[in-house]
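[1] Provide a 3D model corresponding to the input given below.
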Amino acid sequence: MKLKRISLLVLMLVMSLVLAACGSSPQETFTKSVEKTAEPADQSTTTIGIKVDELPATLKADQSAAMLEGLSVKLTVSDDQKQQKSAATIAVKTAGLVSLNVNLDLLVDSKAEKVYFPLSDLYDEKGNLTTLLDQLTSGMFSKIKEENPDLATKYVDLSTLSEELSGKEAKKSETDTKEVEKATKDLSKKVTKTVSDYFNSLPEDRFKEGDNGEITLNLTKADFTTLATKISELLDDKAIKADLKVIAESQGVSSEAFDKQYKSMAKSFDDAIQSVKDEKNAKIDVTVTIQPDKNDNIESMKMKVKITDSKDKDKPETLGMTITMKTTDSAKLPKFPSSSDIISTEALQKIISESTASYYKSLYGDTNTDTTEIQ
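    Numbering: from 1, shown residues only. Take a look at the predicted model:
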């Protein structure tokens, strides 16, 4: 069984529920909570966590997937729609073949179309980022930090980084920001309605209410393939395609490229759904628990995902993960950089080049090492 394909489809559908999440009966409360997520607050902070609980032996043996063992990802996004600014922090930890403990931040100014990365993240010694980069650069990374402590107060403008490195000006999107916002909201509403309509079609007794008001729903392979099919059907909607096109073009994708790729994308999605349906030895169990607040908004959500391949009945393989989400109607954004806080790619390259020359000189003496190609 192609466990990785099934895992990707399930994870995609699970994340669609999370993004949709980005009554008198338990079923009504559950569905109402999902529906209300299509109307985000002016200010919000959402934390999404993904943790791999169990990894099958075949994936452990696959070097490209072995680093998933013990993987824990935590993404926190604070968003202020009125300011059109947001801040994201991602924390990644692994306990497998490659040990990671890294925290990275991004600041996004949607109005100015700027994305900033604080270099202070590279000076933070709490994780093992410095150790990893030193391994890749034979200790040169620490040397650069040691000789340039002032870099810790600077920011890199990632939105212009690629064009500065390539020497070519990036093609600017002509898509209006308000068009993108409208397309994103319309798309979210339609996906959310599809999900909530499916929940409403389920028998009421599948929704269990706990002592603290939490509501739990168990989803099976049949639920996922049915829901995936309904979401796939949305791709035939001309309005959905138009919304996706607006969003894609805002990211620099040409109209011709989008039209060319759209059909193949839809077909790939349908093929993945059929592949899961055909896998008779595959079992999917997902337990979704939401905690509504007093206004039936989702305060928190937890999903326990378990995918089992029982082709070898004596040694069934299981992939297990836990996905969590917590949302508050408030956002505390950090201070955004001023122009004097931003270092150009050219200046950064010069610092790296000079530090590299100094580093090699300390190792081998003055050998006139040419570092112009080292970045």
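[2] What average pLDDT does the helix or strand where Met325 lies get?
    Using DSSP states H and E, Met325 sits within strand 317-328. Mean per-residue pLDDT for strand 317-328: 90.
[3] Run me through the strand neighbours of that strand, direction for each.
    Within its sheet, and counting by DSSP bridges, strand 317-328 is paired with strand 43-54 (antiparallel), strand 298-309 (antiparallel).
[4] and the next helix-or-strand element following the first one, how far out from the chain's middle?
    With elements assigned by DSSP H and E, the helix or strand that comes after strand 43-54 is helix 57-61. Distance of helix 57-61 from the chain centroid (C-alpha atoms, centre = their mean, to the nearest Å) equals 24 Å.
[5] Show me what helix 57-61 is packed up against.
    helix 3-20, helix 63-66, strand 317-328 (3 or more C-beta pairs under 8 Å, 6 or more residues apart in numbering; DSSP states H and E). Placement of C-beta: from N, CA and C, glycine included.
[6] before we move on, the earlier item: go through the strands paired with strand 317-328 and name the closest to Ser120.
    strand 43-54 (20.8 Å; C-beta to C-beta).
[7] Now do the closest residue to Ser358 other than its chain neighbours against Glu125, distance only.
    Leaving aside its sequence neighbours, Ser358 sits nearest to Glu147 (C-beta to C-beta, 6 or more residues apart in numbering; 6.8 Å). For Glu147, the distance to Glu125 (C-beta to C-beta, to the nearest Å) stands at 17 Å.
[8] swap in Tyr155?
    20 Å.
[9] Same question for Leu219.
    42 Å.
[10] Look at those two and report which has more neighbours.
    Neighbour totals were compared for Leu219 and Glu125, and Leu219 leads with 24 against 9 (other C-beta atoms under 10 Å).
[11] which stretches of the stretch 1-150 of the chain form strands?
    All strands of the stretch 1-150 of the chain, identified by DSSP state E, counting those that start in this stretch, fall at 43-54, 72-80, 85-93, 101-109, 114-118.
[12] Which among those strands is found nearest to Lys361?
    Among the strands of the stretch 1-150 of the chain, strand 114-118 sits nearest to Lys361 (C-beta to C-beta), with 29.5 Å.
[13] average pLDDT across the closest one?
    On average, strand 114-118 scores 92.
[14] who touches it?
    104-109, 154-159, 336-337, 342 (C-beta atoms under 8 Å, 6 or more residues apart in numbering).
[15] how about 10 Å then?
    85, 87-88, 104-109, 124, 152-161, 334, 336-337, 341-342 (C-beta atoms under 10 Å, 6 or more residues apart in numbering).
[16] Distance of Asp211 relative to Gln291?
    Asp211 is 12 Å from Gln291, by C-beta to C-beta.
[17] neighbour-wise, which of those two wins?
    Gln291 (16 against 5).
[18] Could you check the angle the strand holding Met325 makes with strand 72-80?
    20 degrees (axes from the mean of the first three to the mean of the last three C-alpha atoms, to 10 degrees).
[19] Show me which positions of strand 317-328 end up buried.
    Glu317, Thr318, Leu319, Gly320, Met321, Thr322, Ile323, Thr324, Met325, Lys326, Thr327, Thr328 (16 or more other C-beta atoms under 10 Å).
[20] quick one: the last one and Ser44 touch, right?
    Yes - at 6.9 Å, Thr328 and Ser44 qualify as touching, with contact defined as C-beta atoms under 10 Å.
[21] rewinding a little: may I see the strands paired with strand 317-328 organised as a markdown table, with mean pLDDT added?
    A markdown table is the format used below for the strands paired with strand 317-328 (pLDDT from 0 to 100):
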| stretch | mean pLDDT |
| --- | --- |
| strand 43-54 | 90 |
| strand 298-309 | 90 |
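[22] so which of these is the most packed in?
    strand 298-309 (a mean of 20; mean count of other C-beta atoms under 10 Å).
[23] residues contacting the residue nearest the centre of the chain?
    When the chain is reduced to its mean C-alpha position, the nearest residue by C-alpha atoms, centre = their mean turns out to be Leu75, at 7.3 Å. Listed by C-beta under 10 Å, 6+ apart, the contact partners of Leu75 are Thr46, Thr47, Ile48, Gly49, Ile50, Ala88, Thr89, Ile90, Ala91, Val92, Met325.
[24] Now do Gly127 against Gly70, distance only.
    Taking C-beta to C-beta, one finds Gly127 at 15 Å from Gly70.
[25] Same question for Pro334.
    Counting by C-beta to C-beta, the gap from Pro334 to Gly70 is 30 Å.
[26] So between the two, which is more surrounded?
    The neighbour count for Pro334 versus Gly70, taken as other C-beta under 10 Å, is higher for Gly70 (15 against 12).
[27] Name all residues that make contact with the closest residue in space to the more buried one that isn't next to it in sequence.
    Closest residue in space to Gly70, ignoring its immediate chain neighbours: Ala95 at 2.9 Å, by C-beta to C-beta, 6+ apart. If you count contacts by C-beta under 10 Å, 6+ apart, Ala95 has them with Val52, Met67, Glu69, Gly70, Leu71, Ser72, Asn101.
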